[in-house]
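prediction below, plus the sequence it came from.
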Amino acid sequence: MSSQSNRRQFMATSAALASVVPFSDKVVSAKSYSRILGSNERLGVGLIGHGGMGGGHAKTIAGLKEPNNLDPIAVADCWKTRAESGAKVTGAPHAYQDYRKVLDHKEIDYVTIATPEHWHCDMTLDAFDAGKDVYCEKPMTHTLEEGVRVFKKQKETGRVLQVGVQGMSDDSYISARKAIDDGVLGQVVQAQIEYVRRYGEQGPWRVPGLDKNMPKPADLDWNAWLGSAKKADWNPNHYFEWRNYSMYSGGIATDLFIHRITRIMKACNLLYPNRVVGMGGIWQWDDGRDLPDNFEMICEYPRGMTVYVLGTMSNRVAIDHVIRGYRGTLQFNPEGWVARNKDGEVLAEHKKSGAEDINLHHSNLHAAIRDGAELNCPVELGMAGVSAVCMANESWRTGQMMGWDPKLEKMVPASQVS
């Protein structure tokens, strides 16, 4: 697809979202809100969080230092040992427990945020205020209300924000959108996708052999890790297995579904859903977690289509990833996608370039900061994903179908949408 087509589609998405989330005078493109550095100018990088995903970012930055001309400057983690480990991996000269000290470095151009979800919003807002661009791991925020705050702040500050749904660096989904816009499938009415796993006896996101009586490491700032979450005594299960607890995470929906539904959103040009239902439960591992161990969701969108997402953690048998239209069905596969009509005849196909790859996702951000390239997962797409998965979780918690009220800029029971 040409750069002009990409730009038109990005601006169309931005304009559509502007109708439901007001912000400053106009939606700005990646090119106008980036600093537009020289193409070869070195980028200073700070890293916030050096756990599982944070360690992946550290290795990525270390590997891209030379080819992408990066200068790792500082790493922060509330566990000092981890911060120092991250500094060693990247070659950064500074390691801190307080992430704000990373933001104090004037020579840092962008930061990675790879922390539990409940910290994403505050860290992103603080980074924007410090004049930094951001790579924030998925989901963009823990709650939908926080998503609105980040969205508006990004528009006010004009900082570059890449959301860490790395699958968006696979061009299959933007090419699928082009095919749908060109009418290959006819009127699109439904899509389905999944994220299925089969965990062992310990259950989702439990650490085998973790001692619940493990003492807090002396150099771990537990209160800093809790942040805005409910104050609590040190708990190794909460620290190491935070995806099981709603204080810090949205579980299956925000950690896994966000990867899948964002693909459908990009392909079908979807933003806020009209209505969402989330269903599931703590059916197999009733071990103190307060988020489902098996889950599914259905979203209805204003363009006139539904999206179904399956998420069993007890069985890994998958379903096809497809988009269904009146003229044909588009099916994603490891090579890209193929669209066929009702008789099985090929209408169109695409062999992908790119991949679900953290290196490509960072490189895309570097191009956006330096040259104004379009982001693969900008704030608009990050916000769309947050809206769907947070509404699904709220539906599960309350037993109600949830809706988005554009006048109130919040989710409400679907029956109350004005």
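Received it, and whenever you're ready, just let me know what you need.

let me see the contact set for the residue lying closest to Leu64 once chain neighbours are set aside.
With CB to CB, 6 or more residues apart in numbering as the measure, Leu70 is the residue that lies nearest to Leu64, at 5.6 Å, once sequence neighbours are left out. Glycine gets a C-beta too; all of them are placed from N, C-alpha and C. For Leu70, the set of contacting residues under the criterion of CB atoms under 8 Å, 6 or more residues apart in numbering consists of Arg42, Leu43, Gly44, Val45, Ile61, Leu64, His366.

change it to 10 Å
The contact partners of Leu70, by CB atoms under 10 Å, 6 or more residues apart in numbering, come to 42-45, 60-64, 90, 109-110, 362, 366.

again, but for Asn333
Applying CB under 10 Å, 6+ apart, the residues contacting Asn333 are Ser172, Asp320, His321, Glu349, His350, Lys352.

and these, which are buried?
Buried residues within the contacts of Asn333, counting neighbours by 16 or more other CB atoms under 10 Å: Ser172, His321, Glu349, His350, Lys352.

picking up where we left off before, name whatever forms a beta bridge with the residue nearest to Leu64.
Leu43 (DSSP bridges).

can I get the contacts of Asn333 in TSV with secondary structure, distance to Val338 and pLDDT?
As requested, the contacts of Asn333 are arranged in TSV below (DSSP: H, G, I helix; E, B strand; the rest coil; distance: CB to CB, whole Å; pLDDT from 0 to 100):
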residue	secondary structure	distance to Val338	pLDDT
Ser172	helix	11	98
Asp320	coil	11	97
His321	coil	12	98
Glu349	strand	4	98
His350	strand	8	98
Lys352	coil	12	96
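
returning to that earlier point: pick out the most distant pair among the buried ones among the contacts of Asn333.
For the buried ones among the contacts of Asn333, the farthest-apart pair by CB to CB is His321 and Glu349; their separation is 14.7 Å.

three-state assignment of Thr81?
Each residue gets one of three states, and Thr81 gets helix by DSSP: H, G, I helix; E, B strand; the rest coil.

check Arg397 too.
Of the three states, Arg397 takes helix according to three-state DSSP.

the helices in this structure, which residues?
With DSSP state H as the criterion, the chain has helices at 3-18, 30-33, 52-64, 80-90, 99-103, 120-129, 144-157, 172-181, 222-226, 236-240, 258-268, 358-371, 379-398.

in a markdown table: those helices, plus distance to Asp287.
A markdown table is the format used below for the helices of the chain (distance: least, CB to CB, whole Å):
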| stretch | distance to Asp287 |
| --- | --- |
| helix 3-18 | 39 |
| helix 30-33 | 44 |
| helix 52-64 | 20 |
| helix 80-90 | 26 |
| helix 99-103 | 31 |
| helix 120-129 | 26 |
| helix 144-157 | 28 |
| helix 172-181 | 36 |
| helix 222-226 | 21 |
| helix 236-240 | 9 |
| helix 258-268 | 24 |
| helix 358-371 | 31 |
| helix 379-398 | 18 |
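
Ala130 is in contact with Lys106, correct?
Yes. Lys106 is in contact with Ala130 according to CB atoms under 10 Å; the separation is 9.1 Å.

neighbour count: the two, which is higher?
Ala130 (17 against 11; other CB atoms under 10 Å).

would you confirm that the more buried one contacts Val102?
Yes. At 8.9 Å, Ala130 counts as touching Val102 under the criterion of CB under 10 Å.

quick one: common contacting residues for the two?
Common contact partners of Ala130 and Val102 (CB under 10 Å, 6+ apart): Gly46, Ile108, Val111.

which of the residues you listed sits closest to Asp77?
Closest approach between those and Asp77, by CB to CB: Gly46, at 11.8 Å.

OK, contacts around the closest one?
Under the criterion of CB under 10 Å, 6+ apart, the neighbours of Gly46 are 61, 72-76, 90, 92, 94, 96, 99, 101-105, 107-113, 127, 130, 132.

inside strands: which ones of the residues you listed?
Judged by DSSP state E, the contacts of Gly46 include Pro72, Ile73, Ala74, Val75, Ala76, His94, Tyr96, Tyr110, Val111, Thr112, Ile113 as members of strands.

number of nearby residues for the last one?
Look at Ile113: counted by other CB under 10 Å, it has 26 neighbours.

wait, it sits on Thr124?
Yes. Contact criterion CB under 10 Å: Ile113 and Thr124 qualify, at 6.3 Å.

quick check: neighbours shared by those two?
Each of Ile48, Val134, Cys136, Met140 lies in contact with both Ile113 and Thr124 under the rule CB under 10 Å, 6+ apart.

what's the closest residue to the third one other than its chain neighbours in contact with, if anything?
In other words, Cys136. If you skip the residues right next to it in sequence, Cys136 has Ile113 as its closest partner in space, 4.5 Å away by CB to CB, 6+ apart. Taking CB under 10 Å, 6+ apart as the criterion, Ile113 is in contact with 46-49, 53-54, 57, 99, 119-124, 126-127, 134-137, 140, 164.

mind checking pLDDT for Val417?
According to the prediction, Val417 has pLDDT 88.

that one: neighbouring residues, count only.
16.

got the contact list for it?
Taking CB under 10 Å, 6+ apart as the contact definition, Val417 lies against Asn274, Arg275, Met402, Gly403, Trp404, Asp405, Pro406, Lys407, Leu408, Met411.

got phi/psi on it?
In this entry, Val417 is assigned phi and psi values of phi -60, psi 130 (degrees, to the nearest 10).

gap between it and Met383?
For Val417, the distance to Met383 under the criterion CB to CB, to the nearest Å works out to 18 Å.

who are the contact partners of the residue nearest to Lys101 when sequence neighbours are not counted?
In space, Lys101 comes closest to Ala76 once its chain neighbours are excluded; the distance is 6.6 Å by CB to CB, 6+ apart. With contact set as CB under 10 Å, 6+ apart, Ala76 has these partners: 46-50, 54, 82-83, 86-87, 92, 94-103, 111, 115, 123, 224.
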